[in-house]
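>>> With the sequence up front, the predicted model follows.
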Amino acid sequence: MRNQFLMVLFVFVGSVLYTSAIAQSLSISDVENSVKADGKYAILVPNARYFQAAVMTGKELKGNNPKMDFEIVIISAAAKDLATDENLTSFIEISEKVGIRIVVCESAMNHFGVKKSDYHSTINTTPDGFAYIFGLQESGFKTITL
C-alpha cells in the first residue's frame, strides 16, 4: 500500500511539474543583433591582450550603434601596460575615435607605480575599479569580466 501511494505521488508530482524542454533555436546573428543600439555595456579588463579584444569589440558595437555607451575598466597589470606598452597606443586612439570610455583603477596604478600623467589624455581614473564596475551595474550597465 505504501509503495503504491509513493508511486501515485511521484506520478502526480511528475506530471504537474513536468514541462517539455524545447531548445531555443536562436541563430548567432539573432543573438548578436539583440545588442541594444542605445545599450550600456562595460568590460572589466586585467591585461593588455584582453584590453585589445575589448577595444575591438567596442569598436564594432559602437560602429553599428553610435549612441551606445561602452566602457572599458582597467585593473591589475593592464594599468601598467596601458602606460608603458607603445603597442597599445593605437588601441587607445581607436577608443577615443569611436567614443569608448577607458577608466583605470588608481589602486592598480599605485601598485605598479604609474601616474595619471603617464596615460593618454583621454584616459580617466577611478579610486577603485571594482567599486566603479559595481556603480556601472547599478546604473544599468551590462558588465563582464575577462
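Structure's in. What do you need? Numbers count the residues shown, from 1 in each chain.
>>> What count of nearby residues applies to the residue lying closest to Asp118 once chain neighbours are set aside?
Closest residue to Asp118 apart from its sequence neighbours, by Cβ to Cβ, 6 or more residues apart in numbering: Ala83 at 3.9 Å. The C-beta positions use only the backbone N, C-alpha and C, and glycine is treated the same way. Look at Ala83: counted by other Cβ atoms under 10 Å, it has 21 neighbours.
>>> which ones are touching Ala83?
Contacts for Ala83 (Cβ atoms under 8 Å, 6 or more residues apart in numbering) come out as Met109, Val114, Asp118, Tyr119.
>>> Relative to Glu93, which of the residues you listed is nearest.
Tyr119 (12.7 Å; Cβ to Cβ).
>>> what's the closest non-adjacent residue to the closest one?
Per Cβ to Cβ, 6+ apart, closest to Tyr119 is Ala83, 5.6 Å.
>>> That neighbour and Val31: what is the separation?
Distance of Ala83 to Val31, given as Cβ to Cβ, to the nearest Å: 36 Å.
>>> And for Val104?
Applying Cβ to Cβ to Val104 and Val31 gives a distance of 31 Å.
>>> try Asn87
Counting by Cβ to Cβ, the separation of Asn87 from Val31 is 31 Å.
>>> Likewise for Lys142?
14 Å.
>>> So for the two, which residue has more residues nearby?
Neighbour tally, Lys142 and Val31, criterion other Cβ under 10 Å: the higher count belongs to Lys142, 13 against 10.
>>> give me the element the residue lying closest to the more buried one once chain neighbours are set aside is part of.
Using Cβ to Cβ, 6+ apart and skipping residues adjacent in sequence, the residue nearest Lys142 is Tyr41, 5.3 Å away. Element membership for Tyr41 (DSSP states H and E) is strand 40-45.
>>> Report the buried residues of that strand.
By 16 or more other Cβ atoms under 10 Å, the buried positions in strand 40-45 come out as Lys40, Tyr41, Ala42, Ile43, Leu44, Val45.
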